[in-house]
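Engineer: sharing a model that was predicted from the sequence below.
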Amino acid sequence: MAESVHIKFYLPDRTYQAIVRADIRKIAESVGFTGHRLGEVEIIIAEITSNLIKHAHKGGTLLVRKIGGEQTGIEIISIDNGPGMRVASKMMEDGHSTKKTLGQGLGAIRRLSGEFDIYSMTGWGTILFSRIYVNKTYRTKEEKTFTVNVLTVAKDGESFCGDSWRSVYTDKRIRLVLIDGLGHGLPAYAAAKEAYEMFALAPENTPVDQIRSLNNDLKKTRGAVITVVYLDFLNKQIIYSGIGNIAMKVVSPMRTQGCFSYNGIVGHIMPAVLNNHVLQWDEKNDVIIMHSDGLTARWDIQKYPAILQHHSMVVCAALYKDHNRGTDDSTILIGRYIKKA
């Protein structure tokens, strides 16, 4: 579908470390890491897993996915409920350690990663984000652009994920859709896959037009809940419409704006009246956050000091850490303008 689903690895204690490291190595090999570059990936994996064992209470969780497209690689997100760090940047300095080690782990991970970020609060825990590309010299182009980052995790025990998303870029606007197939497992996956494939072909006039078209496409499936968003560059507007319990908020350092969604199931039960909703869009500051009902919607971005200054995947991971229900597939989508470094 849109991107690979994140595979979840639990690392409660040292006895699981070798197994987890071997499994992540296999993922790295499957996307083309070999030789010296594979060895560097193994260093990153070893340092991340060791940190979870040494510093976190009862270990932590790793979320790993394959990266395709322009450049192949893997993405690793480490989440723990440990004591956290007072000043995460201090821990990046070689030689700094709280456990009488060499203190080179975080610095090594940052140097070997194509993209890296870390967020921590004392008493809350730490999130570490690393993207490693097969081409070590690859760097994202330096430009201001609207970027979408997504964290997707299937329900525990399921081989298929019923959540999906898609973005379609044109000169005048961006179209986004977040899809949650009803339930979970293969039937939910089939519904989400159908909606994903038909979204780009559906009428583009308004979000409502797209949802009504998808309603016809999904009649032979289990159905889905869907939110469609248009970002209008010319008029600086967010135009959206949604059916079902996809949550969406527009947040910035100054405000949080909740968004309305209609009751129903696309493909089965649609409201008689369905409207487009419009919000003004401050592209410099506004961040769009959407998620499926695998997460509770009662979160407040202000509880994470300065987190909007961090990579979007760190924000996704923080919300997943605190608000994942554990009873369904979970997807968090964040869209915002950034200046790529």
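Structural biologist: Good, I have the coordinates. Residues are numbered from 1 along each chain as shown.

Engineer: break the chain into its domains for me.
Structural biologist: 7-133, 144-339 (automatic domain parsing).

Engineer: what helices or strands is the helix ranked longest in the chain leaning on?
Structural biologist: Taking DSSP state H as the criterion, the chain has its longest helix at helix 35-55. Under the contact criterion of 3 or more Cβ pairs under 8 Å, 6 or more residues apart in numbering; DSSP states H and E, helix 35-55 touches strand 7-11, helix 17-30, strand 60-67, strand 73-80, helix 105-112, strand 125-133. To be clear about C-beta, it is placed using only N, CA and C from the backbone, and glycine gets the same treatment.

Engineer: one step back: in CSV, list the domains of the chain along with mean neighbour count and mean pLDDT.
Structural biologist: Compiled in CSV, the domains of the chain are given as follows (neighbours: other Cβ atoms under 10 Å; pLDDT from 0 to 100):
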stretch, mean neighbour count, mean pLDDT
domain 7-133, 17, 86
domain 144-339, 19, 93
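
Engineer: hang on, the earlier thing: now the angle between strand 125-133 and the longest helix of the chain, please.
Structural biologist: 180 degrees (axes from the mean of the first three to the mean of the last three Cα atoms, to 10 degrees).

Engineer: helix 35-55 vs strand 7-11, what angle?
Structural biologist: 50 degrees.

Engineer: where's the most centrally placed residue in the chain, which helix or strand?
Structural biologist: Centroid-nearest residue in the chain, with Cα atoms, centre = their mean: Leu151, separated by 2.1 Å. Using DSSP states H and E, Leu151 maps to strand 144-153.

Engineer: so which other helices or strands are in contact with the helix or strand just after that strand?
Structural biologist: If you walk from strand 144-153 toward the C-terminus, the next helix or strand you reach (DSSP H and E) is strand 163-169. For strand 163-169, the packing partners by 3+ Cβ pairs under 8 Å, 6+ apart come out as strand 144-153, strand 173-181, helix 185-199, strand 330-339.

Engineer: can I get these in JSON lines with distance to Thr49?
Structural biologist: Below are the helices and strands packed on strand 163-169 laid out as JSON lines (distance: least, Cβ to Cβ, whole Å):
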{"stretch": "strand 144-153", "distance to Thr49": "19"}
{"stretch": "strand 173-181", "distance to Thr49": "32"}
{"stretch": "helix 185-199", "distance to Thr49": "30"}
{"stretch": "strand 330-339", "distance to Thr49": "23"}
